[in-house]
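Trainee: Predicted model follows, preceded by the sequence.
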Amino acid sequence: DLEDADLIILPGSKNTLHDLNFLKRSGFAEELQRLSGKTWIMGICGGYQMLGDRVEDPQGMESGGSETGLGLLPMLTTLGGDKQLVRHEYQGKNWFEGIRCSAYEIHLGRSLFTAQPPMSLMQGQENLAVVNPENRILGTYLHGLLESPGVLKKLFQKVSGTAIEVPESFEQARERELDNLAAFLEEHCEVERMLGL
C-alpha cells in the first residue's frame, strides 16, 4: 500500500533491467506513475536509472537488451564501460546548499538528460543528485547520501513540510550498536579464547 506514504524509495539494484521488468509485471510501475506529483518518489542508483525514460544494455553488462523506464525523469541510461567506483566528499547546492557529505558512487552506465534537466543538488556532475519539485521526484547516484544528518533534515523538511530533528548521524548510530555488540560478546563469550589469545 503506497497511497499513504510520504516518501517512496526505489533502492539500488544488481540488475536494473530485470528489476524494472519486475516493477512492471507486479503493477508497481503503474502505481508509481499514478502517484507521481502526489507522493514523493526517490530513486537511488539503479532505482534512479529506473525513473528515466529508458535503460539500455547493448553490451550485455547485466541482462542485455533494453527496457522503457518509469518515465518520471527525461533521462536515458546506457549500461556499459567500466563500473564507476568513487568515494568522495560532496558539496550540496540548491536544496542542499551548505551541506557537505561523504558518499560514494558504484554503478554501471551513464545517464543523460534528454530534455531540461531537473534541479541539481550536488556540485560537480549535474546528474549526481537531482530533484523535480513539481513532480515530487528525486534521484541520486550517491550511496550513503541518506547517512548525512544535514541531508536527512533538509529532505524530511521538504517532504513533510515540517522541521524534523535528526538526533544522531548514521555513523554515530552504527558505532553505538557496534559498542553494544562488543560489550555483549565480552559479557557472554570467552572472546580471548575465541581469538586464540
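Mentor: Received the coordinates, thanks. Numbering: from 1, shown residues only.
Trainee: Longest helix in this protein, please.
Mentor: helix 170-188 (DSSP state H).
Trainee: For the residue nearest the centre of the chain, give its distance to Asn21.
Mentor: Centroid-nearest residue in the chain: Ile44, 2.1 Å away (criterion: Cα atoms, centre = their mean). Going from Ile44 to Asn21 by Cβ to Cβ, to the nearest Å gives 19 Å. Using the backbone N, CA and C atoms, a C-beta is placed for each residue, glycine as well.
Trainee: So what's the residue count around the residue nearest to Val130 when sequence neighbours are not counted?
Mentor: In space, Val130 comes closest to Pro118 once its chain neighbours are excluded; the distance is 4.2 Å by Cβ to Cβ, 6 or more residues apart in numbering. Counted with other Cβ atoms under 10 Å, residues neighbouring Pro118 total 22.
Trainee: Okay, strands next: where are they in the chain?
Mentor: 7-10, 40-44, 54-57, 65-68, 75-78, 84-91, 100-107, 110-113, 119-120, 129-132, 137-140 (DSSP state E).
Trainee: Go through the ones you listed and name the closest to Glu31.
Mentor: strand 7-10 (9.3 Å; Cβ to Cβ).
Trainee: Would you give the sheet partners of that closest one, along with the direction of each?
Mentor: Strand 7-10 pairs in its sheet with strand 40-44 (parallel), by DSSP bridges.
Trainee: and the partner strand with strand 100-107, angle?
Mentor: 70 degrees (axes from the mean of the first three to the mean of the last three Cα atoms, to 10 degrees).
Trainee: Any idea how far the longest helix of the chain is from the middle of the chain?
Mentor: Relative to its parent chain, helix 170-188 has a centroid offset of 27 Å by Cα atoms, centre = their mean, to the nearest Å.
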